[in-house]
Structures are given as structure tokens and as C-alpha cells.
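[1] sequence first, predicted coordinates after that:
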Amino acid sequence: MEQIFEDIWSLAEEYQDKRNDEGHAKTVLKYAIKLLSILPANEKIVIPAAILHDIGWSQLSKIDRMKIFQDDISSKERIELRIKHENEGVKLAKIILEQVNYDANLIEEILNIIEGHDTRTNFISKEDGIVRDADRLSIFSKWGVDSDLKIRKKINPQKYLDLIEDKLNKKYKFYFKESKQMALKELEDRRKEYSA
């Protein structure tokens with residue numbers, strides 16, 4: 001990674017993974033870089049947006065950060081929490097990007113991606129698509145499945161994999177077909193791991 005991306009990571013590190021999800025930011029970044037290797041897009045937008053996309057959770061109370069995982073909260077409350085973390089993320093990301101003297105012409109697009117990465121129904125650019133697809137792909141990663149199963153201790157791994165496969169087919173929307181293919185491959189790998 002370029003030095004400027006390392007600098008952004010370093011400044012963002014204290015705000016990362018504040019939902020007992022240590023490794024999420026690195027996993028999303030890994031997928032963003034993987035997608036950039038096969039899809040033409042501006043890495044100077046994608047990589048900072050991937051690094052900074054969830055730092056806003058750090059600004060919510062621990063109770064609010066963890067509510068997002070509860071099945072019994074209302075859709076309205078879930079959306080409000082997501083919007084709040086996006087808005088807080090934009091504020092922090094702006095400070096970090098300005099601190100590293102990031103290209104001012106790119107900051108606005110990075111902030112726009114962060115602002116709606118969990119709540120926007122449409123995609124605003126290829127770069128937005130890569131960041132949001134990378135975030136979604138983290139669910140299917142070894143890290144993502146292992147982490148979620150730790151939180152949802154009462155669910156059988158195969159049943160959990162059935163649930164995320166159902167969401168993949170009915171709910172989860174990917175911008176790129178390549179991302180969905182990666183998700184299917186990851187799901188197949190998880191099934192093998194958990195059947196062993």
C-alpha cells in the first residue's frame with residue numbers, strides 16, 4: 001500500500017472495529033484491494049473509503065454500537081443507528097483526510113461513499129460499488145462467519161450458512177457480478193470448513 005494509505009490507516013486505527021468486530025476493517029480493505037485488481041476504478045478513492053467506512057461506530061455508545069446485532073430492535077431504530085454511524089464517520093474521515101493533506105478533489109467523493117455505505121439503496125459510482133461490495137463480502141469471509149457465530153452462539157454453523165446464502169440470493173445486492181461470484185466462492189469454502 002502507498003504511504004499515504006498507511007498514514008490514513010494509522011490515524012484511523014484507534015476508531016476501527018468498535019463493535020467487537022476486530023478484523024472487520026482489515027477484511028473489507030483486503031476485499032477492496034482484491035476487487036481493484038480485477039475491476040477498473042480509482043484506488044485513491046476506494047482505499048481511503050474502505051479504511052474509513054466504519055470508524056463512525058466509535059462515536060456511538062457501546063450499547064448503541066451493539067444494538068445493531070440484536071434481532072429484536074425495530075427497522076426504524078436499526079436505520080437510525082446506521083445513519084448516525086455514517087454521519088459520525090464522515091466527520092472523523094474528513095479530519096483524518098485533511099490531517100494527511102489528502103487531495104481535496106477526492107475527499108468529497110470519499111465522504112459521499114462513507115455517508116451512505118449502509119443505508120443508500122443505489123450506488124453512486126464504481127468506487128462506491130467496490131467499497132460496499134467489499135463490506136458485504138466480509139460477511140462471507142472466514143473472519144466474518146467466525147465472528148458472527150461467536151455473537152450468535154446458539155445457531156448451528158450450517159444453519160447460519162443457509163441463512164446468509166438465502167440473504168445472498170434474496171436481499172444482498174452487489175454492484176459487480178464479480179463480487180457476487182466471490183461471495184458464492186467464499187460461501188462454498190465456509191461450507192467445506194464447517195463440515196470438516
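    Nice, thanks for sending it over. Bear in mind that the values here come from a model prediction, so they are computed numbers and not experimental data. Numbers count the residues shown, from 1 in each chain.

[2] buried residues of the helix of greatest length in the chain, list them for me.
    Counting residues, the longest helix found in the chain (DSSP state H) is helix 75-99. Neighbour-count burial for helix 75-99 flags 81, 82, 85, 86, 88, 89, 90, 92, 93, 94, 96, 97 (criterion: 16 or more other CB atoms under 10 Å). From N, CA and C alone the C-beta is placed, and that goes for glycine too.

[3] ok, now stretch 34-54?
    Residues of stretch 34-54 classed as buried by neighbour count (16+ other CB under 10 Å): 34-36, 39, 41, 43-54.

[4] that one: end-to-end distance?
    19 Å (CA to CA, to the nearest Å).

[5] just the element for residue 155, please.
    Using DSSP states H and E, residue 155 is not contained in any helix or strand.

[6] and the residue nearest to residue 126 when sequence neighbours are not counted, which helix or strand is it part of?
    Computed as CB to CB, 6 or more residues apart in numbering, the closest residue to residue 126 that is not its neighbour in sequence is residue 41, at 4.6 Å. Residue 41 belongs to no helix or strand when assigned by DSSP H and E.

[7] would you mind measuring from the closest residue to residue 36 other than its chain neighbours to residue 82?
    Closest residue in space to residue 36, ignoring its immediate chain neighbours: residue 43 at 5.3 Å, by CB to CB, 6+ apart. According to CB to CB, to the nearest Å, residue 43 stands 26 Å off from residue 82.

[8] with residue 9 instead?
    23 Å.

[9] next one: residue 18
    14 Å.

[10] check residue 185 too.
    Applying CB to CB to residue 185 and residue 82 gives a distance of 28 Å.

[11] contacts for whichever helix or strand residue 129 is part of, please.
    Per DSSP H and E, residue 129 falls inside helix 126-137. Residues outside helix 126-137 that contact it (CB atoms under 8 Å, 6 or more residues apart in numbering) are 28-32, 34-36, 39-42, 45-46, 49-50, 53-54, 109, 112-113, 116-118, 123, 172, 174-176, 179, 182-183, 186.
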